[in-house]
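**Q** build me a structure from this.
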Amino acid sequence: MSIWKYEMKKMLFHHKGAWLIGLYFILSMASLAILDKPANPDMELNRSEYQFYLHQVQGPYSEATGSFFSKEAARISDAKVALQRITDNFYDGEIGEQEFLTQSETLANLLKNETGFKLAYKQYVYVREHPDQRDFLYTNGWDGLLSNDSLDLLFVLLVLLLVAPMFCYEFESRMDALLLTVKKGSKPHTLSKIGLAFATVGLLCFLSAGLRYGFYAFKYGLGNGNYSLESLSFFGTSTKEVTLLQAFLGITASKLAGSLCFAVGVLFASVCLKKYAITLFACTAVVLLPYYGLPLESTKYFLPGPLGFMVATGYFRGNEFKPNSWKAQMDLVFREVSLPMGSVVFAITFGLCAAMLVVILRKRSNGWITKRRTPIGRRLPFTLLLLGVTASLLVGCGSSKGNRVDVAYNYASRQSFQQDKVRIYMDPKELELGKNQIVFEDQASGEKHNLVRDPLTSLTRIEGALFGEGTHVYYMKYDYEKSGLREGVTRFSIIGVDTAKFKETIIFEKKLSADKGTVLGLVKGNAYVASFYLTVSGFFLDETHLYLIGQADGQTDGQTEIRQVNRRTGAARVILRIPVLRSLAFDGRTIYYVDERSQIAKYDTQMDTQTVIPGLVTRDFILTDTELFYLNRKDQQKLYAMDLRDSTTRPVTQVPVLSFHYDKPYITYIGKLDMKEERVRVDPD
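**A** Model (predicted):
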C-alpha cells in the first residue's frame, strides 16, 4: 500500500498529473460547450413546432402514423394554395381588406407549424423504410453522444503524459538500476505502477463518458433510451439489435478496453525505448497513423490494437455504400464488423497486451542489470506534441479585407458585376456547354480575359454566382475528390480577386467531406450541414460576415435559407427563411426580400430586426444605390420607384410591365400589353 501511495503521489504531483487531469476536463467541457453543433440544427431552431408533431407520433411506426402524415401534408398544401390565392385576390381588388385579414389569419394559424411538420415528415420517411427496427424520437441528443467516428485526441494525449513518465522518469534519473536491487524494487514496484496506470486510465475513461452523457442530457435531452439504435440515421444499416442506452454502455466499455490497451502499449514502449520523447512519438504514431492514413473508415476496426476500441462506434455500424457515377455502381465505404470478427480482433488485442505485460515484468524483475547507461537528454516539452494536435483547430477562413461594403447587390443579377469601365460576368457560351468561366471585359476596347488566371482542373468547379464591390470581385467554387473509394465534393470556397492586381485571396473555406472531420476528436463533419453548402446559389458579404443563400433541407425544392457566417471564426447561424425566393437584395447592411404575402420586407443585419415596408406589394424588385424599383401590384403591375432616403414613391411607367432589368443607368422593361421592349434612363447624369 505504501508503494501505491508513493507512486500515486509522484504521478499526481511530481509529474503534474493532477494539473493535466484538471486541464483535460476544463478543455473537454469548453470544447463541448463551444464546438458542439446539433446534428440537425433545424430541430433546435424550430423545436416547439417540431415537438408539436413529434408528441403525436413518438414511438414505433403504425398505420395510424402513416395516415396522420398523409392527411397533414394534404392540409398544409391546401392551406398554402389558399393563402396565395386570397393574397392575389386581395391585391387584384376581388375581395375586401376585412375578408382578406380574416381568411389569412385562419390560414396562417394552420401553417404556423409547417417547418416542424417538414422535419417530422423527413423522419417519417426514414422510419418508414424499416418500421420494425426504427422509432420516432428527438435525435439530436443521442446523435451528439453516439453518432460520430472520431478519436478523442485530448484523451490520448492525457494518457500519454500520465503513463509515459512512470518508467521513463526512472531512466532519466538513473534510479532504475538501484530500484531493481532492493527487495520491493522489482516485481512489486512494477505491479504497483501497472495497477496505478490501469486504475487512473479506467477512472478517467468513466469520468469522460459521464461528462459527455451529462452534457448531452442537459443540452438536448437523452430520453427514450430504450428505443432501437437504428432510429439514428448514422446507424441506419446496423444489424446489431441493441437499444440506444445499451449502445452507449457498449461503446463506453469498448473505449475502456481500448484505453487500457493503449496504456499497456505506453508502458511497454517506455520500458523498451527508455526515452521519454521517443516513447511519446512512437505511441502517438501507432494511434494516429492508421486513424488518419487508412482510406476506408472501417479498416481500423479490423486491426488488432487500441485504436478501433478507443473509437468504438464502428462496431455498431452496418455496411454502408455510396453511389459511384463513374462506374454506375454502389461503392462500399464502410464494412460492418460482425460479432465473430470483433471477438477475434479483441482476442488478438488481449493476447498482445498480455504479452507486453509479461515483457514489462521480465525487464523490470532482473536485479543484476546494472550496466552503465548513456545520458538521456532533457524531456522534450509536450508543447511540441500539442502543436500537431492543435493544428486541426485551424478553421478554413481566409483573411478579410476589412473594408466596409457599400454596394447594391441583387440576387437576380448575381452572375455579373459592373465596375467603372469593366464588366465581369459568367461567360454564357461556357454556361451552355455546362462549364463555368468568369470573363473580365474592358467595355472601352472590347477585350475579354478570364478572371480566374490559375488553370482549372477537373477536380474544381466554379459556380455561377458573383459578388463585387469596388475593385474586388468574389466567386465561389467547389473542390472534388474522385478515387476508387470516394467521389464527391470535399470543399466549398469563396475566393476574392483584386482586379487591380489580379491577386486571389481565400475569404472562406468549408470542408464538406464527413469523414475524419474532427477537432480534437470532439466534433465531426456533419452531412446535414454539408448538404446546405451544396445548394448555395448566391452570396454576398460585409466587413465581418459572409451571407450564403441556399436550401434549408439541402434539397432543390426546399425552403430558401440565408445563413450568416463569421468570416473570422466560421461560426454560422440562420438569419432568414423565405418560403419562395422571388427577389432579394443587399445594400451593405440591410437585406430586402419578398415575404409570403408579396410584401417587401427588410432585415437589418446589425440590429437583427425585421420590418415590412408599408404599401410595397410586389413579386419583383431591383435595388440601386439610391432607389428601389418594383412592379406595383396595387397599380396594375406598373413600374414604380421608392427613394431609399425618404421612402417616397413615384411611377416610372404608365403601362403595366411584364419584366424588367437594370443596366446602369437604364432600366429595360417589357410591356405587359404590347410585349414591346422599352428602355428608360433612371439615374441622374
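**Q** after whichever helix in the chain runs longest, which helix or strand is next?
**A** Determined from DSSP state H, the single longest helix within the chain is helix 187-219. If you walk from helix 187-219 toward the C-terminus, the next helix or strand you reach (DSSP states H and E) is helix 244-273.
**Q** tell me the buried residues in that next one?
**A** By neighbour count on 16 or more other CB atoms under 10 Å, the buried set for helix 244-273 is 244-245, 247-248, 250-252, 254-271, 273. (Each C-beta comes from the backbone N, C-alpha and C, glycine too.)
**Q** before we move on, what about stretch 437-445?
**A** Residues of stretch 437-445 classed as buried by neighbour count (16+ other CB under 10 Å): 438, 439, 440, 441.
**Q** contacting residues around that stretch?
**A** For stretch 437-445, contacts defined as CB atoms under 8 Å, 6 or more residues apart in numbering pick out 421-427, 430, 447-452, 462, 466, 473, 475, 499.
**Q** with stretch 564-580 instead?
**A** Identification of contacts with stretch 564-580 by CB under 8 Å, 6+ apart yields 41, 45, 115, 395-398, 400, 507-508, 510, 541, 544-548, 552, 559-563, 584, 591, 593-596, 603, 605, 608.
**Q** got any ranges where the stretch 301-450 of the chain has weak pLDDT?
**A** Along the stretch 301-450 of the chain, the model assigns pLDDT under 70 to residues 323-330, 364-406, 429-435.
**Q** which among the contacts of stretch 437-445 count as buried?
**A** 422, 424-427, 430, 451-452, 462, 466, 473, 475, 499.
**Q** show me which of these is closest to residue 345.
**A** The shortest approach to residue 345 among the buried ones among the contacts of stretch 437-445 belongs to residue 462, at 45.8 Å (CB to CB).
**Q** bridging residues for the closest one?
**A** residue 477 (DSSP bridges).
**Q** out of the buried residues of stretch 437-445, which is nearest to residue 495?
**A** So of the buried residues of stretch 437-445, ranked by how close each gets to residue 495 (CB to CB), first place is residue 438, at 10.2 Å.
**Q** and the closest residue to the closest one other than its chain neighbours, how far from residue 464?
**A** Excluding its sequence neighbours, the residue lying closest to residue 438 (CB to CB, 6 or more residues apart in numbering) is residue 451, at 4.0 Å. Remark: distance between residue 451 and residue 464 (CB to CB, to the nearest Å) = 13 Å.
**Q** ok, now residue 59?
**A** Counting by CB to CB, the gap from residue 59 to residue 464 is 46 Å.
**Q** and residue 274, by the same measure?
**A** As judged by CB to CB, residue 274 and residue 464 stand 62 Å apart.
**Q** of the two, who's got more company?
**A** Legend: neighbour count by other CB atoms under 10 Å for residue 274 and residue 464, higher for residue 274 (19 against 16).
**Q** wait, isn't that one in contact with residue 282?
**A** No: under the criterion of CB atoms under 8 Å, residue 274 lies out of contact with residue 282, with a separation of 11.8 Å.
**Q** averaged pLDDT, the strand or helix carrying residue 86. What do you get?
**A** Here residue 86 sits within helix 63-91, counting by DSSP H and E. Per-residue pLDDT over helix 63-91 has a mean of 88.
**Q** which is the next helix or strand following it?
**A** Sequence-wise, the next helix or strand beyond helix 63-91 is helix 97-111, with elements assigned using DSSP H and E.
**Q** show me what that next one is packed against.
**A** The elements that helix 97-111 packs onto, with contact taken as 3 or more CB pairs under 8 Å, 6 or more residues apart in numbering; DSSP states H and E, are helix 63-91.
**Q** where does this protein have low pLDDT?
**A** For the chain, applying pLDDT under 70 flags the ranges 1-7, 169-186, 323-330, 364-406, 429-435, 453-458, 482-487, 513-529, 553-558, 684-685.
**Q** hey, which strand is longest across it?
**A** Secondary structure of the chain per DSSP state E: the longest strand is strand 649-663.
**Q** tell me what that strand is packed against?
**A** If contacts are counted by 3+ CB pairs under 8 Å, 6+ apart, strand 649-663 sits against strand 621-623, strand 627-632, strand 638-643, strand 666-671, strand 677-681.
**Q** using TSV, lay out those strands together with distance to residue 65 and mean neighbour count.
**A** What follows is those, written out as TSV (distance: least, CB to CB, whole Å; neighbours: other CB atoms under 10 Å):
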stretch	distance to residue 65	mean neighbour count
strand 621-623	43	25
strand 627-632	45	24
strand 638-643	49	20
strand 666-671	50	17
strand 677-681	55	12
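**Q** which one of these lies nearest to residue 649?
**A** Residue 649 lies closest to strand 638-643 among those, at 4.8 Å (CB to CB).
**Q** give me the contacts around that closest one.
**A** Residues lying outside strand 638-643 but in contact with it, judged by CB under 8 Å, 6+ apart, are 613, 616, 626-632, 648-657, 660, 667, 669, 682.
**Q** and it, which strands flank it?
**A** Each strand paired with strand 638-643, and its direction, by DSSP bridges: strand 627-632 (antiparallel), strand 649-663 (antiparallel).
**Q** deepest of those strands, which one?
**A** With neighbours defined as mean count of other CB atoms under 10 Å, these peak in mean count at strand 627-632, which reaches a mean of 24.
**Q** can you list contacts of that strand?
**A** By CB under 8 Å, 6+ apart, the residues outside strand 627-632 that reach it are 585, 592, 600, 616-623, 637-644, 651-652, 657, 660, 662, 667, 682.
**Q** got the CA positions of that strand in CSV?
**A** Output in CSV follows, covering the C-alpha atoms of strand 627-632 (Å, rounded to 0.1, in the frame of the first residue of the first chain):
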residue,chain,number,x,y,z
GLU,A,627,-33.8,53.8,-55.2
LEU,A,628,-35.8,50.5,-55.1
PHE,A,629,-37.7,49.7,-58.3
TYR,A,630,-40.6,47.4,-58.1
LEU,A,631,-43.7,46.2,-60.0
ASN,A,632,-46.6,47.7,-58.1
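**Q** starting at the chain centroid, how far to that strand?
**A** 38 Å (CA atoms, centre = their mean, to the nearest Å).
**Q** got the angle between it and strand 666-671?
**A** Strand 627-632 and strand 666-671 meet at an angle of 0 degrees, taking axes from the mean of the first three to the mean of the last three CA atoms, to 10 degrees as the criterion.
**Q** angle of strand 627-632 against helix 63-91?
**A** Using the same axes, to 10 degrees: strand 627-632 against helix 63-91 is 100 degrees.
**Q** so which residues make contact with stretch 611-623?
**A** Taking contacts as CB under 8 Å, 6+ apart, the residues outside stretch 611-623 that touch it are 91, 408-410, 412-413, 582-583, 585-587, 592, 594-595, 598-602, 604, 628-634, 642, 647, 649, 659-662, 667.
**Q** quick check: buried residues in stretch 285-303?
**A** Neighbour-count burial for stretch 285-303, counted by 16+ other CB under 10 Å, picks out 286, 287, 288, 291, 297, 298, 300, 301, 302.
**Q** among these, which one sits closest to residue 536?
**A** When the buried residues of stretch 285-303 are compared for distance to residue 536, the smallest value, 26.9 Å, is given by residue 297; criterion: CB to CB.
**Q** quick check: the closest one vs residue 638, distance?
**A** Noted for residue 297: a distance of 60 Å to residue 638, by CB to CB.
**Q** got it, and residue 223?
**A** Separation of residue 223 from residue 638 (CB to CB) stands at 57 Å.
**Q** do residue 604 as well
**A** For residue 604, the distance to residue 638 - CB to CB - is 29 Å.
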